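Asks: pasted the sequence and its predicted model underneath.
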Amino acid sequence: TTLSEDLRLCEALKHFPELAKVTSKKDAIRKMYMMRELALLQSIARDLKEQGVDIAEDEDISFKCGDAYALLEKLTDASFDCCITDPPWGIDIEAVSSARSTEYAGFKDTALVWEQFLQKGLPQIARVLKDGAHLWLFYAPSNYAATIKALEYNGFDVRYVPCIWVKEKPNFTDWEYKPASQYESILFAAKRSKTETSPRRLAEATADVFSYSRTTLNRIHRTEKPVELLKRLITLSTSEEDRILDPFAGSGSLLCAAFLSRRRALGFESDKDMYEAAFGRLQTLMVEFAPEVELEGVAKEREETCAT
């Protein structure tokens, strides 16, 4: 570490005393930057709400704070064109000290949460998806068999071979004893159609390996997915103006990706602090890129008009 980082850490301890509980200086500095980003985005979110700006009521990109299962029950049947989501995996990550799981007190990943998702969340997701709609589900390989069974039971046709997101470097959570993982698994499924003979086609041919670097700059959630990866999945499974669901929105990356892809999206997040930070990030993005996104849409419309 540098002297300037040591001084920043000393100053941060005045505002974030919980940093004193971190055993490693390197981890404390890393956590310091993340907490500062979290606090900044929360402050932006509060200022925007005081000004009457609330993306929870936005017609295209909607973000709500609350229990995902309760909010899912309120949604209309067959109202979404795609679901891309990364629920807590239920791998008891809190038991792995090197996973640095103390950053987000509201993020729970105990062993029963995946079973709860399969029993309560998956049936609701199947209900609100249109026939033939795609589901991209991030999951832990240890839950493969139970997840496949639940997907099929709830009316999904599943690609049994998982897709893979390859990261730029491994996750060093248990490096002393086992090889470190450098990928995450994604199950691809389509809701079985009652009227059509085949599910929705992918927009283009694609391999089942996606190589994208993890979010490192201004990361606010430890399992945050890169926007570029999510934009790729969105482009493969939806068209412009389609509606996408993420019941476990976390840092809001899927909502950001949907906005940049000119799709409509709805996300839920139960942790209030994370919701406020993601709200601030999303609103900042929408303010910054709205003109660019609108111009891209106008240019595309002109191209289509000229083509006809």
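Replies: Structure's in. What do you need?

Asks: quick one: average confidence on stretch 116-133?
Replies: Stretch 116-133 comes out with an average pLDDT of 96.

Asks: so what would you say the end-to-end distance of it is?
Replies: For stretch 116-133, the first-to-last residue distance is 23 Å (CA to CA, to the nearest Å).

Asks: name the helices or strands packed onto the host helix or strand of residue 148?
Replies: Assigned by DSSP states H and E, residue 148 belongs to helix 144-153. If you count contacts as 3 or more CB pairs under 8 Å, 6 or more residues apart in numbering; DSSP states H and E, helix 144-153 packs onto helix 113-116, strand 129-139, strand 156-158, strand 181-191. For the C-beta atoms, the positions are set from N, CA and C on the backbone; glycine is no exception.

Asks: repeat the analysis, applying 7 Å as the threshold.
Replies: For helix 144-153, the elements it packs on are strand 156-158, judged by 3 or more CB pairs under 7 Å, 6 or more residues apart in numbering; DSSP states H and E.

Asks: give the pairing partners of the strand it packs on; include direction for each.
Replies: Strand pairing for strand 156-158, determined by DSSP bridges: strand 181-191 (antiparallel).

Asks: which is the next helix or strand following the partner strand?
Replies: Once strand 181-191 ends, the next helix or strand along the chain (criterion: DSSP H and E) is strand 209-211.

Asks: not counting its neighbours along the chain, what's nearest residue 282?
Replies: residue 252 (4.8 Å; CB to CB, 6 or more residues apart in numbering).

Asks: what residues are up against that neighbour?
Replies: The contact partners of residue 252, by CB atoms under 7 Å, 6 or more residues apart in numbering, come to 63, 267, 278, 281, 282.

Asks: ok, which pair from the residues you listed is furthest apart?
Replies: With CB to CB as the measure, no two of these lie farther apart than 267 and 281, at 12.0 Å.

Asks: between those two, point out the one with more neighbours.
Replies: residue 267 (29 against 23; other CB atoms under 10 Å).

Asks: what's opposite the more buried one in the beta bridge?
Replies: residue 63, residue 246.

Asks: for residue 251, see how far away it is.
Replies: 10 Å (CB to CB, to the nearest Å).

Asks: repeat for residue 213
Replies: 16 Å.

Asks: the more surrounded of those two?
Replies: Shown here are residue 213 and residue 251; by other CB under 10 Å, residue 251 has more neighbours (26 against 12).

Asks: what secondary structure does that one sit in?
Replies: Three-state assignment for residue 251 (DSSP: H, G, I helix; E, B strand; the rest coil): coil.

Asks: residue contacts, it?
Replies: For residue 251, the contact set (CB under 7 Å, 6+ apart) comprises 220, 221, 224, 278.

Asks: now tell me what touches stretch 205-212 from outside.
Replies: So stretch 205-212 is contacted by 161, 163, 164, 165, 166, 226, 228, 229, 232, 236 (CB under 7 Å, 6+ apart).

Asks: quick check: mean pLDDT of it?
Replies: Mean pLDDT, stretch 205-212: 97.

Asks: mind listing what's buried in it?
Replies: 210, 212 (16 or more other CB atoms under 10 Å).

Asks: that stretch: end-to-end distance?
Replies: By CA to CA, the extent of stretch 205-212 from end to end equals 18 Å.

Asks: related to what we said a few turns ago, now, which of the contacts of stretch 205-212 lie within strands?
Replies: 163, 164, 165, 166 (DSSP state E).
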